[in-house]
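**Student:** curious how this folds, go ahead:
(4 chains)
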There are 2 protein chains.
Amino acid sequence: MRLVDEGGIEGLSMRKLAAELDVNPMSLYHHVESKEALLGLICHGAAEGMALPPDDGSPWEHQLRELALAYHRHVKAHPAMWAYLHNHPEAIADREMPIWQALYRVLRLAGVPESELWRTGDVLHAFVSGFVMAETLGHLPGDGREIERDFDTAIRLMTHGLSGLSG
Amino acid sequence: MRLVDEGGIEGLSMRKLAAELDVNPMSLYHHVESKEALLGLICHGAAEGMALPPDDGSPWEHQLRELALAYHRHVKAHPAMWAYLHNHPEAIADREMPIWQALYRVLRLAGVPESELWRTGDVLHAFVSGFVMAETLGHLPGDGREIERDFDTAIRLMTHGLSGLSG
DNA sequence: ACCTGAACACCGTTCAAGT
DNA sequence: ACCTGAACACCGTTCAAGT
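**Tutor:** Residues are numbered from 1 along each chain as shown, chains lettered A, B, ... in the order given. Okay, the predicted model is just below:
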């Protein structure tokens, strides 16, 4: 994980990792099937350990914002990993993962029916991840304060759009 | 471009491309500074040639939908290129590109003020690209008809959210 | 200005051999 | 079960030499 944070996804090579562990490169293949499998395990573990806001009884709009902010923080802390994850979503496909359960809880609060939970969650996640990745890569113009404003704009756009759907 | 479409971004190597052109691998470096620069040129060219719906005088909601659908089609035709572009947005950073001008035209129709054009465009693009990439990678559940419905849901969420902002 | 061959410093992975 | 060295089939790129 440190190798990915420091040198991007190409910063982690089987040979470099083996060197860090003072071990033969080929030994790794006895614990993991391939480099892809290793990256999958790294992503899954990191996403599972992501800090999530608890249910504090506040309105769903506020809790959705807090959840998006927690996601935002995690992506900013591990941008290369999330860029990879964005193109290899299988690693967080499990609906039982804390990150999804937290989102579904908020969406239930927002009145999204059980049958639409996965669909709505996927659309919202696609939106937020698209935005956060664009920001992380420096694609968005303006300084830090303006981008914060953009993020708020985006969250309001989503929550307003969401109430339009369920209302 | 054909190499990228067929074998993903790793499908294009300087050596393979040189072989296709019946030329020495090193000759490529007299026309392009690096592999990254080459990929940038490929992406820029393809994005510039993207088919865009003309202004047919219909309401902005409809035109935004048509624009999103055109984008959707292009991504589905060149998924690997867009996945790369998603992580290397410099290649389409130029605000004068047709794809951006088309979006700004629709946003003006929607009543977005000139000072908010770039910001709003970036947020919407981040949203749509996040969604389309998730779909392209098979991250979204359901069959083709359901995903079409998701896409409509997403567009309505955006347009409704957008009118909430400017209204 | 453009092309080339040899070389450098890397990759992921297979395989046969070891404990 | 786990580790290893040698080898295979690749990479991007530099550099000196050619036309």
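
**Student:** tell me where chain A has helices.
**Tutor:** For chain A, the helices defined by DSSP state H occupy A:2-7, A:14-20, A:35-48, A:60-77, A:79-87, A:98-109, A:117-136, A:144-166.

**Student:** just the pLDDT for residue A:128.
**Tutor:** For residue A:128, the model assigns a pLDDT of 86.

**Student:** tell me who's in contact with the residue of chain A most remote from its centre.
**Tutor:** Distance from the centre of chain A peaks at residue A:24, with 32.6 Å (CA atoms, centre = their mean). Neighbouring residues of residue A:24 by CB atoms under 8 Å, 6 or more residues apart in numbering or on different chains: residue A:18. Just so you know, the C-beta spots here come from the backbone N, C-alpha and C atoms, and that holds for glycine as well.

**Student:** how about the residues of chain A that lie near DNA strand C?
**Tutor:** A:12, A:13, A:14, A:15, A:16, A:25, A:26, A:29, A:34, A:35, A:36 (CB under 7 Å from any atom of the strand).

**Student:** drop anything exposed from those residues.
**Tutor:** A:12, A:14 (16 or more other CB atoms under 10 Å in any protein chain shown).

**Student:** just the residues of chain A next to DNA strand C now: which is nearest DNA strand D?
**Tutor:** residue A:26 (3.6 Å; CB to the nearest atom of the strand).

**Student:** what's around the residue nearest to the closest one when sequence neighbours are not counted, how many residues?
**Tutor:** Spatial nearest neighbour of residue A:26, excluding adjacent residues (CB to CB, 6 or more residues apart in numbering or on different chains): residue A:18 at 7.9 Å. Neighbour count for residue A:18, taken as other CB atoms under 10 Å in any protein chain shown: 16.

**Student:** tell me the confidence at the spatially most central residue of chain A?
**Tutor:** Nearest residue to the geometric centre of chain A (CA atoms, centre = their mean): residue A:71, 5.6 Å. Note on residue A:71: pLDDT of 95.

**Student:** what does residue A:162 give?
**Tutor:** So, for residue A:162, pLDDT stands at 68.

**Student:** check residue A:137 too.
**Tutor:** For residue A:137, the pLDDT comes out at 80.

**Student:** which residues touch the residue of chain A found nearest chain B?
**Tutor:** Relative to chain B, the nearest point of chain A is residue A:130 (2.1 Å; CB to the nearest CB). Residue A:130 is in contact with B:126, B:127, B:128, B:129, B:130, B:131, B:133, counting by CB under 8 Å, 6+ apart.

**Student:** go again with 10 Å.
**Tutor:** A:86, A:154, B:86, B:123-134 (CB atoms under 10 Å, 6 or more residues apart in numbering or on different chains).

**Student:** so where is chain A shaky, pLDDT-wise?
**Tutor:** A:161-167 (pLDDT under 70).

**Student:** contact residues of it facing DNA strand D?
**Tutor:** A:23, A:24, A:26, A:27, A:29, A:30, A:31.
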